[in-house]
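> With the sequence up front, the predicted model follows.
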Amino acid sequence: MAPATSATRPLAPRCARPRSGAGRGRTAAIYRGPVGSRPGPSDPLGIYAAGFYEDQSDGSLRSARVVAPSLIELVGPRSVLDVGCGVGTWLRAFVDSGVTDVVGLDGHHVEESLLQIDPALFRPTDLSRPFDLGRRFHLVLCLEVAEHLDAGAAETLVRSLAGHGDVIAFSAAVPFQGGTHHVNEQWPAYWIERFEAHGYACLDVLRPMLWNRPEVEWWYAQNLLLFVAEDELADPRWATAQALPTFGKIAAVHPRLHEVRHEPPPATVGPAPGARSGRPLLRRLLDDLGRARQRVVRRGSSPPAS
Ligand SMILES: C[S@@+](CC[C@H](N)C(=O)[O-])C[C@H]1O[C@@H](n2cnc3c(N)ncnc32)[C@H](O)[C@@H]1O
């Protein structure tokens, strides 16, 4: 890994909240409400406050440090645009790997003090509206963002992404994945159809690479697709990528999501049901509450931070 350059700032530890460990999903990362966010056009409800990024940025950066080198090998980008970059974790990983021409877009609500890239490389943008930076990039990222925009903005987003590069790494939550303000969870076919309408083919070669990598958050392993402009794909440099194992664009749910949604209730590791001492009434009430909450999370009303 190349040393950090002037495009990055020293990486302050952002692990204020304990996590249940890589691979156990996001139940420990539930963000329960806005803390000091500034509602604005891209965050009218004040959803994406500092706490949201404290919960997700460690895992995001850890994943990016695994995936960025693979994308660099496959695509060879000299410039990267990250659409919905959050606090810039993925760009940070690219910069650390030597790609310094990077730009990140996210809402006006992202606090400069949290950015993990030079703030000059960050452009506050409302992604539910068309955007045009007046240039193209060798690689465009849009990761776990599309599900946060109303369905009415899906086509606008895909068109804006297509306007900025021939190669797009895209991931978006699947139905019932759950997450903060997930308002348009869709199976891959929904996005593939939209990118194909803009002349992009889906190379589904990233998910097989990442599926069993515990350092990579399961939502990237499950959802990350590579889209390449069809005329670009004819270039021989894409032959290797096209020969890689593929998931064939299937709708897939990662085992770690399945585990998160079906964690056994605490009673199964406590005293045997019916034992004389039994579970105290309060414990049983808390267990019942926990199960009810999991059902609500599955319906997306009180979701994990993503
Ligand atoms: C789950 S985070 C993903 C961040 C980053 N891509 C990553 O993978 O770490 C979703 C991001 O979408 C951004 N977002 C949601 N709606 C937006 C909008 N209308 N305009 C700009 N950004 C938006 C949020 O601010 C948040 O940073």
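Perfect, I can see it now. Small disclaimer: the values here were computed from a predicted structure and weren't measured.
> Quick check: phi and psi on residue 226?
phi -110, psi 130 (degrees, to the nearest 10).
> Not counting sequence-adjacent ones, nearest residue to it?
Using Cβ to Cβ, 6 or more residues apart in numbering and skipping the chain neighbours, the partner closest in space to residue 226 is residue 203 (4.4 Å). Glycine gets a C-beta too; all of them are placed from N, C-alpha and C.
> who touches the one you found in this structure?
Residue 203 makes contact with 225, 226, 227, 228, 233, 238, 241, 242, 244, 246, according to Cβ atoms under 8 Å, 6 or more residues apart in numbering.
> if I look at it, how far off is residue 120?
According to Cβ to Cβ, to the nearest Å, residue 203 stands 33 Å off from residue 120.
> Just the buried subset of the contacts of residue 203, written out for PyMOL, thanks.
With 16 or more other Cβ atoms under 10 Å as the criterion, this PyMOL line picks the buried residues out of those:
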select buried, resi 225+226+227+228+233+238+241+246
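> Would you convert the contacts of residue 203 into JSON lines that also reports pLDDT, distance to the ligand and secondary structure?
Below are the contacts of residue 203 laid out as JSON lines (pLDDT from 0 to 100; distance: Cβ to the nearest ligand atom, whole Å; DSSP: H, G, I helix; E, B strand; the rest coil):
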{"residue": "225", "pLDDT": "98", "distance to the ligand": "14", "secondary structure": "strand"}
{"residue": "226", "pLDDT": "98", "distance to the ligand": "16", "secondary structure": "strand"}
{"residue": "227", "pLDDT": "98", "distance to the ligand": "16", "secondary structure": "strand"}
{"residue": "228", "pLDDT": "98", "distance to the ligand": "20", "secondary structure": "strand"}
{"residue": "233", "pLDDT": "94", "distance to the ligand": "25", "secondary structure": "helix"}
{"residue": "238", "pLDDT": "96", "distance to the ligand": "25", "secondary structure": "helix"}
{"residue": "241", "pLDDT": "96", "distance to the ligand": "22", "secondary structure": "helix"}
{"residue": "242", "pLDDT": "96", "distance to the ligand": "26", "secondary structure": "helix"}
{"residue": "244", "pLDDT": "98", "distance to the ligand": "23", "secondary structure": "coil"}
{"residue": "246", "pLDDT": "98", "distance to the ligand": "23", "secondary structure": "coil"}
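> Would you mind listing where the chain has pLDDT under the threshold?
1-42, 44-45, 267-305 (pLDDT under 70).
> Close to the ligand: what parts of the stretch 201-306 of the chain are there?
Within the stretch 201-306 of the chain, the positions near the ligand by Cβ under 6 Å from any ligand atom are residue 306.
> where along the stretch 201-306 of the chain do the strands fall?
For the stretch 201-306 of the chain, the strands defined by DSSP state E, counting those that start in this stretch occupy 225-229.
> Which residue does it have closest to the ligand?
Going by Cβ to the nearest ligand atom, the ligand is nearest to residue 306 of the stretch 201-306 of the chain, at 4.4 Å.
> How many neighbouring residues does residue 90 have?
Close neighbours of residue 90, defined as other Cβ atoms under 10 Å, add up to 29.
> so it, which of the three states?
helix (DSSP: H, G, I helix; E, B strand; the rest coil).
> What's the separation between it and the ligand?
6 Å (Cβ to the nearest ligand atom, to the nearest Å).
> Quick check: nearest residue in space to residue 62, chain neighbours excluded?
In this structure, residue 62 finds its nearest non-sequential neighbour in residue 215, 5.4 Å apart by Cβ to Cβ, 6+ apart.
> Return the residues in contact with the closest residue to residue 79 other than its chain neighbours.
The shortest distance from residue 79 to any non-neighbouring residue, by Cβ to Cβ, 6+ apart, is to residue 101 (4.0 Å). Counting by Cβ under 8 Å, 6+ apart, residue 101 touches 78, 79, 80, 137.
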